[in-house]
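Colleague: Task: produce atomic coordinates for the following.
(one chain, ligands or ions: 1)
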Amino acid sequence: MTSRIIIAIDGYSSTGKSTFAKAIASVLGYVYIDTGAMYRAVALLALRGGCVSGDNAVDETALRRLLVGGGPVDISFRTSGPGGRSETWLDGENVEKEIRTMEISRIVSHVAALPFVRGYVDRRLREIGSGKGVVMDGRDIGTAVFPDAEIKIFMTARPEVRARRRYEEMSARGHSVSYEEILGNLSERDYIDTHRETAPLRMAGDAVLLDNSDMSIEDQIQWFKDLLKQRHLCGY
Ligand code: DC
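Modeller: Next comes the predicted model:
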């Protein structure tokens, strides 16, 4: 085995980034890092700390104090259980379930647009990724966090396909939410994620586009293996 690399996967919300990223991490024996989970944990911190008002406006001063004011908050990933699922921890508490609610989805893009939040998360991600051998998914991994990542993939899918997938995922988890509400939330997040000033979502010049609207996960894994072959990276 040659030296291990960083694989950056960016793209719109609910394009199946995490399913794809987990699958290729397991093909390569790499660690998978869900960077959106880190922003979701900060959003939970903001919500619990009373930093979010009714119209989803974030009190920046109060959140800054909570996140970095009194010695930085600890957000980390730990693997537990027989399947080795990675879960998100916030200051010693497993918050994996709490960060996946619609309430968090509504505020997370607002929180993620704040430069000091991005600075905090970027530092943590670089610490985690510096050992290489990681697959990270997010919105700015190939453009801002690891601009030198050896492989960059940008994922997209038709909006109605994305909303249907997210609807099925949330219904399976027992959340009662309508398809229309999810579609609305996705387009609002797309807008905020692509228009924010700091590290907006965009495709890196050296990224490869993957539109998986009509692809199964097996198709996507095959697509990835072909990409490795083309790049002469099969030994990784
Ligand atoms: O992938 P997700 O839906 O869990 O991400 C939650 C939010 O976090 C998303 O709306 C945008 C933000 N995010 C980001 O700005 N940068 C990242 N690298 C990952 C997520």
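Colleague: Show me what the helix or strand of the chain with the lowest mean pLDDT pairs with in its sheet, parallel or antiparallel.
Modeller: Least confident helix or strand, the chain: strand 75-80 with a mean of 87, by mean pLDDT, DSSP states H and E. If you go by DSSP bridges, strand 75-80 pairs up with strand 85-90 (antiparallel).
Colleague: hmm, back to that, C-alpha coordinates for the least confident helix or strand of the chain, CSV please?
Modeller: In CSV, the C-alpha atoms belonging to strand 75-80 read as follows (Å, rounded to 0.1, in the frame of the first residue of the first chain):
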residue,chain,number,x,y,z
ILE,A,75,-16.8,18.4,19.2
SER,A,76,-15.6,15.0,18.1
PHE,A,77,-16.5,11.8,16.4
ARG,A,78,-16.4,8.5,18.1
THR,A,79,-17.0,5.1,16.7
SER,A,80,-19.2,2.7,18.7
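Colleague: distance between it and the chain's centre?
Modeller: A distance of 15 Å separates the centroid of the chain from that of strand 75-80, by C-alpha atoms, centre = their mean, to the nearest Å.
Colleague: ditto for stretch 8-25
Modeller: 8 Å.
Colleague: right, and Leu44 touches Ile107 too?
Modeller: No: counting by C-beta atoms under 8 Å, Leu44 sits too far from Ile107 to count as a contact (9.2 Å). Quick note: C-beta positions are derived from backbone N, CA and C, even for glycine.
Colleague: Neighbour count: these two, which is higher?
Modeller: For the pair Leu44 and Ile107, the greater number of neighbours falls to Leu44 (23 against 20), based on other C-beta atoms under 10 Å.
Colleague: which residues are in contact with the host helix or strand of that one?
Modeller: Secondary-structure assignment from DSSP states H and E places Leu44 in helix 35-48. Contacts of helix 35-48 with the rest of the structure, by C-beta atoms under 8 Å, 6 or more residues apart in numbering, involve 18, 52, 58, 63, 66-67, 73, 75, 77, 88, 90, 95-96, 98-100, 103-104, 107-108, 111-112, 117, 120-121, 124-125, 136-139, 141, 145.
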